[in-house]
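1. With the sequence up front, the predicted model follows.
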Amino acid sequence: MPKILLVEDDEQLARFLMRFLNSEGYTTDHASGQKEAMRLFGENCYDCVLLDISLKDGNGYSVCAAVKAAGDTPVIFITASADEACTVAGFEIGADDYIGKPFGTRELLARMKNVMRRHQRSSPLLRCGNVTIDPIKGIVFKNGSELTLSALEYRLLLVFLSNKNQLLSRDRLAEELWSLTKEFVSDNTLCVYIRRLREKIEDDPQEPHIIQTVRGLGYKAVDE
């Protein structure tokens with residue numbers, strides 16, 4: 001289910017858009033200001049950000065710049081500031097589209113689908129929960145902040161996120177590590193690397209939600 005961050009200080013419009021998006025099968029979080037928007041963005045992974053320019057605190061340009069600095073989440077400005085200067089400024093900091101108020105909900109939905117399709121075709125990013133990998137740059141983010149992983153931890157995570165919701169046997173994972181180290185990987189060694197990886201990507205390594213153990217069979221990355 002696609003997840004949307006709506007950043008809009010007009011509470012009545014925000015409630016209306018959330019009801020509409022939810023009815024269309026989207027999960028929607030709402031922020032009325034810059035600070036709240038950045039908190040939500042840091043705690044979640046979104047498929048698209050709908051962003052007003054004028055906010056209760058700060059402005060949409062700062063939010064857009066921060067979103068684009070953290071990855072390539074599509075951003076659509078929805079604003080009454082529809083003059084050319086505002087439009088150009090939005091595109092220059094990375095906005096994917098711009099729609100002026102008032103607008104029709106079907107037009108908004110079509111524009112959202114369009115930018116998300118473009119993003120899926122052009123972006124190699126792999127996501128699971130609040131963890132994102134950019135395989136081209138070899139960078140891993142959690143809640144928008146870059147993580148430091150060893151080569152083996154990165155290889156393991158790449159295998160997991162490339163095979164989300166699929167059972168991966170211990171033998172399969174050991175083979176992946178062997179292909180990198182050319183050294184025998186025992187069950188104990190594999191467990192050590194799984195534990196180290198969980199300590200970096202899980203909110204609670206003792207109760208993992210991303211890399212889950214399938215008792216007696218192996219592991220799988222679960223995108224809840």
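-> Perfect, thanks for sending it. Numbering: from 1, shown residues only.
2. Just give the number of residues close to N130.
-> Using other Cβ atoms under 10 Å, N130 has 18 neighbouring residues. Every C-beta, even on glycine, is put in place using the N, C-alpha and C of the backbone.
3. For the longest helix anywhere in the chain, C-alpha coordinates in CSV please.
-> Ranked by residue count and defined by DSSP state H, the top helix of the chain is helix 105-122. Extracted C-alpha coordinates of helix 105-122, given in CSV (Å, rounded to 0.1, in the frame of the first residue of the first chain):
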residue,chain,number,x,y,z
THR,A,105,-8.7,15.4,-6.8
ARG,A,106,-8.5,13.2,-10.0
GLU,A,107,-5.9,15.5,-11.4
LEU,A,108,-3.9,15.2,-8.2
LEU,A,109,-4.2,11.4,-8.2
ALA,A,110,-3.0,11.3,-11.9
ARG,A,111,0.0,13.4,-11.1
MET,A,112,0.9,11.3,-8.1
LYS,A,113,0.7,8.1,-10.1
ASN,A,114,2.8,9.6,-12.9
VAL,A,115,5.7,10.8,-10.6
MET,A,116,5.7,7.5,-8.7
ARG,A,117,5.8,5.5,-12.0
ARG,A,118,8.7,7.7,-13.2
HIS,A,119,10.5,7.2,-9.9
GLN,A,120,10.1,3.4,-10.0
ARG,A,121,11.5,3.2,-13.5
SER,A,122,14.5,5.5,-12.8
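4. Centre of the chain to it, how far?
-> How far helix 105-122 lies from its chain's middle: 16 Å, per Cα atoms, centre = their mean, to the nearest Å.
5. what about L177, which SS state?
-> helix (DSSP: H, G, I helix; E, B strand; the rest coil).
6. on that earlier part again, what comes into contact with the longest helix of the chain?
-> 2, 4, 17, 20, 24, 47-48, 50, 72-74, 76, 78, 96-97, 99 (Cβ atoms under 8 Å, 6 or more residues apart in numbering).
7. now, which of these sits nearest E146?
-> Of all the contacts of helix 105-122, E146 sits closest to D72, with 14.4 Å by Cβ to Cβ.
8. And that closest one, its phi and psi?
-> Main-chain dihedrals, D72, degrees, to the nearest 10: phi -140, psi 40.
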